[in-house]
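K.L.:
I would like to see how this sequence folds:
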Amino acid sequence: MTHLSVNINKVALIRNARGGNLPDLVQLAKDCERFGAQGITVHPRPDERHIRYQDVFDLKKIVQTELNVEGNPTPSFMDLVLKVKPDQVTLVPDAPEALTSNNGWDTIKYAEFLSTTIDLLHKHGIRTSIFVNPDSLMIEGAFKTATDRVELYTEEYAKAYSFQKEIAIKPFSEAATYANKLGLGINAGHDLNLTNLSYFSKNIPNLLEVSIGHALISDALYLGLENTIQLYLRELK
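P.N.:
The predicted structure is shown next:
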């Protein structure tokens, strides 16, 4: 079964809007795991507008499943993850001013940089994943960096799903097939939700993990966190 990693950035955003510690990010991470999530994802940015660097240290102490830390490998980010040593680091090429992640790596242009970064993470015992578009050249480039996994950037699939799902899924299933051939693990994330998740997971061979935040937290406002996590897990079965 594909693992569900809950991205809790949006919870931190709500907390930061008023200061203090409400909602309690650490308690929420514990609850996500108690309700069935198989991982917790965070994406700290330099301005700490949602996840703060201290949050990552705090979560490392309590997460019992898997802690996945996403981000652009700037010096401050690398210093953070090498101290925390999460289970997985997902490298994302987002600019500091980006509202959210909006593109995968050019794994050919940045091959040397990514290879050096991944080698350093491996030396500290950290599993790596590279955020990529569903493009065979980018998959092959990722393979050459010695990364453990790739994370397929799924926004284009999500946007096209409602009116042409068979066409929308094709580049992703082809990219996944090629990644499998190369021996790369496959993760996925961005705009996956209760409507499009099942079809995606059924058509991506050997999908190891999905990271879902915005849609899941939004659904939890209406449905409750425990029920929402169970609904997402059901879509992955």
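K.L.:
who's in contact with the residue most central in space within the chain?
P.N.:
Centroid-nearest residue in the chain, with CA atoms, centre = their mean: Ser211, separated by 4.2 Å. Contacts here follow CB atoms under 8 Å, 6 or more residues apart in numbering; on that basis Ser211 touches 5-7, 39, 41, 68, 70, 90, 151, 187-189. All C-beta atoms are positioned from the backbone trio N, CA, C, and that covers glycine.
K.L.:
for it, give its distance to Gly141.
P.N.:
Shown here: Ser211 relative to Gly141, a distance of 21 Å by CB to CB, to the nearest Å.
K.L.:
same thing with Thr2?
P.N.:
The span separating Thr2 from Gly141 equals 24 Å under the rule CB to CB.
K.L.:
go on, Pro46?
P.N.:
Noted for Pro46: a distance of 26 Å to Gly141, by CB to CB.
K.L.:
so which of these two has more stuff around it?
P.N.:
Between Pro46 and Gly141, Gly141 has the larger neighbour count (other CB atoms under 10 Å), namely 23 against 13.
K.L.:
hang on, the earlier thing: what lines up beside the strand or helix carrying the residue nearest to the centre of the chain in the sheet?
P.N.:
Secondary structure here is read from DSSP states H and E; on that basis Ser211 sits in strand 207-212. Looking at strand 207-212 with DSSP bridges, its partner strands are strand 3-7 (parallel), strand 185-189 (parallel).
K.L.:
and it, what's buried?
P.N.:
Of the residues in strand 207-212, those buried under the neighbour-count criterion (16 or more other CB atoms under 10 Å) are 207-212.
K.L.:
now swap in stretch 112-122 and tell me
P.N.:
Counting neighbours by 16+ other CB under 10 Å, the buried set in stretch 112-122 is 114-115, 117-118, 121.
K.L.:
output it as PDB, restricted to C-alpha atoms.
P.N.:
Listed next in PDB are the C-alpha coordinates belonging to stretch 112-122 (Å, rounded to 0.1, in the frame of the first residue of the first chain):
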ATOM      1  CA  GLU A 112      26.600  18.400 -10.300                       C
ATOM      2  CA  PHE A 113      24.900  20.400  -7.500                       C
ATOM      3  CA  LEU A 114      22.300  17.700  -6.900                       C
ATOM      4  CA  SER A 115      24.800  14.900  -6.900                       C
ATOM      5  CA  THR A 116      27.000  16.700  -4.400                       C
ATOM      6  CA  THR A 117      24.000  17.500  -2.100                       C
ATOM      7  CA  ILE A 118      22.700  14.000  -2.300                       C
ATOM      8  CA  ASP A 119      26.200  12.500  -1.500                       C
ATOM      9  CA  LEU A 120      26.400  14.700   1.600                       C
ATOM     10  CA  LEU A 121      22.900  13.600   2.800                       C
ATOM     11  CA  HIS A 122      23.700  10.000   2.200                       C
END
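K.L.:
which residues touch that stretch?
P.N.:
Here stretch 112-122 has contacts from 73, 78, 81-82, 89, 91, 105, 107, 128, 130, 142, 144-147, using CB under 8 Å, 6+ apart.
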